[in-house]
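>>> sequence first, predicted coordinates after that:
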Amino acid sequence: MSVKLTLTLDDQAYAVASGVFPDGAGWLKVTDTLPSFARLMRIRAVAMRDMNDFMLLAQLVEAVRHQTDVLVSHLELPWLPWARQDRHMVAGDSFALKVFASHLNTLKFDKVKVLDPHSDAAAAAIDNLVAIGQERCLLQSATLSHLFQQNALMLVAPDAGALKKIDTVARAAGVEEYAILSKKRDVASGKLTGFALMAGDVRGRDLLIVDDLCDAGGTFIGSAQVLRDAGARSVSLYVTHGLFSKGIEHLFANGIDAIYTTTSFAAPTLEHPQLELIDIDAIYRA
Ligand SMILES: O=P(O)(O)OC[C@H]1O[C@H](OP(=O)(O)OP(=O)(O)O)[C@H](O)[C@@H]1O
């Protein structure tokens, strides 16, 4: 189990303990005395990865509601698991986001606040979803805010699907122009091909690719190559969710100069001189 659960009732924090029984089933307990009434229950579930993690969340909700008459319930779910499985892609596969949403919806949250969900399918599947936009996450980086104020960065959308988001980021950051890349992914094999620069003069520019997530990183290594071939001076990367399934070193070794990401998934202890972590707490409080 990897999820980190925190509970507040009317802005007071309550300690939660959890573990695993010998048979592998998880247990959970609120160790502070719960009140009989709370106007607002706020649960934050960070780095939820699987249904064991979901089960712990459901246990927490049940434990609180068993003791406390809760008026309003909010879930802060920075990383939405199965967000990428947002449709049927090949014959015989499953629309896993819809399956997960059907379970999450049983917990009856009045708001489910997700950072930068992968696609609009999240809002369609999850009841009362509140998407916190990419621009709100990204501008919590003091470094990036400063660079935007200096007009020192040109934004890059990694594919045409990211156009709506990059436009919102550009407006929020006060940036006038951005470059647009294209890529192709074979949904059956997951293989990436055909990176190309569709628009934008990047010669001599310091670039920031902006996307929702970095998994293995192939998208950004391929993109950096194309941008450097087109004359970019430097290529940095912002992703809201740093999954980094192949680590981060290979990105720095293959054309990425700096990475900015939030602690929605990346461990807050992750350290590298070319990496800046943006605290999700600051994003939720903003
Ligand atoms: O680090 P990587 O392994 O290269 O993956 C990162 C990319 O994957 C996701 O898009 P995806 O290709 O899944 O988008 P789609 O929903 O348009 O297929 C994400 O939005 C990134 O662009």
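Thanks, I have the structure now.

>>> wait, Ala152 touches Asp206, no?
Yes: between Ala152 and Asp206 there is a contact at 6.0 Å, judged by CB atoms under 8 Å. From N, CA and C alone the C-beta is placed, and that goes for glycine too.

>>> neighbour count winner among these two?
Counting neighbours by other CB atoms under 10 Å for Ala152 and for Asp206 shows that Asp206 has the greater number, 16 against 11.

>>> show me the contacts for the nearest residue to Pro35 once chain neighbours are set aside.
Take Pro35 and drop its neighbours on the chain: the residue closest to it by CB to CB, 6 or more residues apart in numbering is Thr68, 5.8 Å away. The contact partners of Thr68, by CB atoms under 8 Å, 6 or more residues apart in numbering, come to Leu9, Leu34, Pro35, Ser36, Phe37, Ala38, Met41.

>>> next one, pLDDT for Thr68 please.
pLDDT, Thr68: 98.

>>> over to Pro268?
For Pro268, pLDDT reads 87.

>>> and it, how many neighbours?
By other CB under 10 Å, neighbour count at Pro268 equals 13.

>>> ok, for it, nearest residue in space, not its chain neighbours?
That would be Leu277: by CB to CB, 6+ apart, it lies 6.5 Å from Pro268.

>>> what strand or helix carries that neighbour?
strand 275-278 (DSSP states H and E).

>>> now swap in Ile221 and tell me
With DSSP H and E as criterion, Ile221 is part of helix 218-229.

>>> give me the buried positions along stretch 254-271.
Within stretch 254-271, the residues that count as buried by 16 or more other CB atoms under 10 Å are Gly255, Ile256, Asp257, Ala258, Ile259, Tyr260, Thr261, Thr262, Thr263, Ser264, Phe265, Ala266.

>>> equivalent analysis for stretch 88-97, please.
For stretch 88-97, by 16+ other CB under 10 Å, it's Phe95, Ala96, Leu97.

>>> just confirm the last one is within a helix.
Yes: per DSSP: H, G, I helix; E, B strand; the rest coil, Leu97 lies within a helix segment.

>>> for it, what are its contacts?
So Leu97 contacts Leu80, Trp82, Ala83, Arg84, Gln85, Asp86, Ala121, Ala122, Ala125 (CB under 8 Å, 6+ apart).

>>> what helix or strand does the spatially closest residue to Cys214 that is not a sequence neighbour sit in?
Once flanking residues are discounted, Cys214 sits nearest to Val239: 4.3 Å by CB to CB, 6+ apart. Under the criterion DSSP H and E, the helix or strand holding Val239 is strand 234-242.

>>> tell me what that strand is packed against?
helix 134-138, strand 206-214, helix 218-229, strand 258-262 (3 or more CB pairs under 8 Å, 6 or more residues apart in numbering; DSSP states H and E).

>>> now do it and helix 218-229, the angle between them.
Strand 234-242 runs at 160 degrees relative to helix 218-229, counting by axes from the mean of the first three to the mean of the last three CA atoms, to 10 degrees.

>>> show the average pLDDT along strand 234-242.
On average, strand 234-242 scores 98.

>>> using CSV, list the CA coordinates for the helix or strand just after it.
Moving toward the C-terminus from strand 234-242, the next helix or strand (DSSP H and E) is helix 249-252. Extracted in CSV, the C-alpha atoms of helix 249-252 (Å, rounded to 0.1, in the frame of the first residue of the first chain):
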residue,chain,number,x,y,z
GLU,A,249,18.6,10.4,-14.8
HIS,A,250,17.9,9.2,-18.3
LEU,A,251,15.9,12.4,-19.0
PHE,A,252,18.8,14.6,-17.9
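
>>> flag the shaky bits of the stretch 51-200 of the chain, pLDDT-wise.
Within the stretch 51-200 of the chain, no stretch has pLDDT under 70.

>>> quick check, pLDDT for the residue of the chain most remote from its centre.
Here the centre of the chain is the reference, and by CA atoms, centre = their mean the most remote residue is Ser36, at 34.4 Å. Model confidence at Ser36, given as pLDDT, is 98.

>>> that one is in contact with Gln67, isn't it?
Yes: assessed by CB under 8 Å, Ser36 is found in contact with Gln67 at 7.4 Å.

>>> wait, doesn't Asn105 sit right on Asp127?
Yes: assessed by CB under 8 Å, Asn105 is found in contact with Asp127 at 4.7 Å.

>>> so can I have JSON lines of the buried residues of stretch 254-271 showing distance to Gly174?
Output for the buried residues of stretch 254-271, formatted as JSON lines (distance: CB to CB, whole Å):
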{"residue": "Gly255", "distance to Gly174": "27"}
{"residue": "Ile256", "distance to Gly174": "24"}
{"residue": "Asp257", "distance to Gly174": "22"}
{"residue": "Ala258", "distance to Gly174": "20"}
{"residue": "Ile259", "distance to Gly174": "22"}
{"residue": "Tyr260", "distance to Gly174": "17"}
{"residue": "Thr261", "distance to Gly174": "22"}
{"residue": "Thr262", "distance to Gly174": "21"}
{"residue": "Thr263", "distance to Gly174": "26"}
{"residue": "Ser264", "distance to Gly174": "25"}
{"residue": "Phe265", "distance to Gly174": "28"}
{"residue": "Ala266", "distance to Gly174": "27"}
